[in-house]
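# I would like to see how this sequence folds:
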Amino acid sequence: MIARKLTQRATRCAAGVLIAAGVCGVVLAGCASSEGPEVIVLDAGTYHEAFDAAVETARRHRMPAEMKDRRRGVIETEAAHAGSLLEPWRTDNASFVQTLDNTFAHQRRRTRFEFIPAGFRPPAVPDDEDLPGPDVFAEDAPTMDLTQVDGELELRVWVYLERAYTPGLRRDTWSRRLTTRSRIHPTDPEASPLPGRHWTPVARDKAYEKRLLGRIARILDAQDALADVDPEPALDR
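Numbers count the residues shown, from 1 in each chain. You can find the predicted model right below:
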């Protein structure tokens, strides 16, 4: 009996130490996660390098590109699950509060990069004009090939937090074992349940946006520094 109590006490102490270490790691790791600009202005001559830098930055943050359109200047990535308190080695959260949110709710991030000409704004819609509806097939949208433009470009990024939820879930207030899911046809014993997990956007992660743009800016600065270095003179043979 005494040995069992000592074992339980040691287990609780070890768990407390692990949780405290995880909390400290999350707090320390999140201090510098929001460093970076809100927009990057670059010359059109470096567009291809900036586009590749955005793709590489997304890959390094476990969000490989799902769609790349170099002519339109759009990159959309796959989703990456956000870190929680159970993963103290993860450094993708900007604060301890955000880590708690990702711990109590299953959340993930999805990113969209967009290049546009500097100062470009879509034409305003007059108040007295009838709205015909969305341009689903982009028939009226002006086509623009960013690989052929001159001047300056702006790079912006949107990081969306998506939360998982299970439709038709009926939680029991006493025991998790009694939690059930509703069916499409409750009277049909062979009816399949509702579709499984769904994801819905709940917020933008602006701190993570700055973090991605900061890494892209550092990559471009490093490329500029290498371009400014004079090549070594060839040795006479």
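
# what sits up against stretch 98-108?
Stretch 98-108 is touched from outside by 26, 30, 79-86, 93, 161-164, 199, 202, 205, 207, with contacts defined as C-beta atoms under 8 Å, 6 or more residues apart in numbering. From N, CA and C alone the C-beta is placed, and that goes for glycine too.

# for it, which positions count as buried?
Judged by neighbour count (16 or more other C-beta atoms under 10 Å), stretch 98-108 contains these buried residues: Gln98, Thr99, Asp101, Asn102, Thr103, His106, Gln107, Arg108.

# Which residue ranges of this structure form helices?
Secondary structure of the chain (DSSP state H): helices at 2-29, 47-60, 96-104, 206-228.

# Might you report the residue contacts of Ala217?
The contact partners of Ala217, by C-beta under 8 Å, 6+ apart, come to Gly36, Pro37, Ile40.

# Specify which member of the residues you listed is nearest to Asp224.
Ile40 (12.9 Å; C-beta to C-beta).

# Which residues are in contact with that closest one?
Taking C-beta under 8 Å, 6+ apart, we find Ile40 in contact with Ala50, Glu154, Leu155, Leu213, Ile216, Ala217, Leu220.

# nearest spatial neighbour of it, skipping sequence neighbours?
Leu155 (4.2 Å; C-beta to C-beta, 6 or more residues apart in numbering).

# Quick check, pLDDT for that neighbour.
If you check Leu155, the pLDDT there is 93.

# ok, it - how many residues close by?
25 (other C-beta atoms under 10 Å).

# For it, which residues count as its bridge partners?
On the basis of DSSP bridges, Leu155 is bridged to Ile40, Phe115.

# check contacts around it.
Contacts here follow C-beta under 8 Å, 6+ apart; on that basis Leu155 touches Val39, Ile40, Val41, Leu42, Ala50, Ala54, Phe113, Glu114, Phe115, Leu213, Ile216.

# Can you lay out the contacts of Ala217 as a markdown table showing pLDDT?
What follows is those, written out as a markdown table (pLDDT from 0 to 100):
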| residue | pLDDT |
| --- | --- |
| Gly36 | 80 |
| Pro37 | 87 |
| Ile40 | 92 |
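
# between those, which is nearest Arg71?
Among these, and counting by C-beta to C-beta, the member closest to Arg71 is Ile40, at 19.3 Å.

# From Leu86, how far out is the closest one?
34 Å (C-beta to C-beta, to the nearest Å).

# Check Glu129 too.
According to C-beta to C-beta, Glu129 and Leu86 sit 53 Å apart.

# Have a look at the protein and report the helix or strand with the lowest mean pLDDT.
Here the helix or strand of the chain ranked lowest by mean pLDDT, DSSP states H and E is helix 2-29, holding a mean of 50.

# Tell me who's in contact with the closest residue to Pro201 other than its chain neighbours.
Spatial nearest neighbour of Pro201, chain neighbours left out: Tyr160 (4.8 Å); criterion: C-beta to C-beta, 6+ apart. Taking C-beta under 8 Å, 6+ apart, we find Tyr160 in contact with Arg109, Arg110, Thr111, Arg112, Pro201, Ala203, Arg204, Asp205.

# Tell me how many other residues surround the last one.
Meaning Asp205. Around Asp205 there are 24 other residues, counting by other C-beta under 10 Å.
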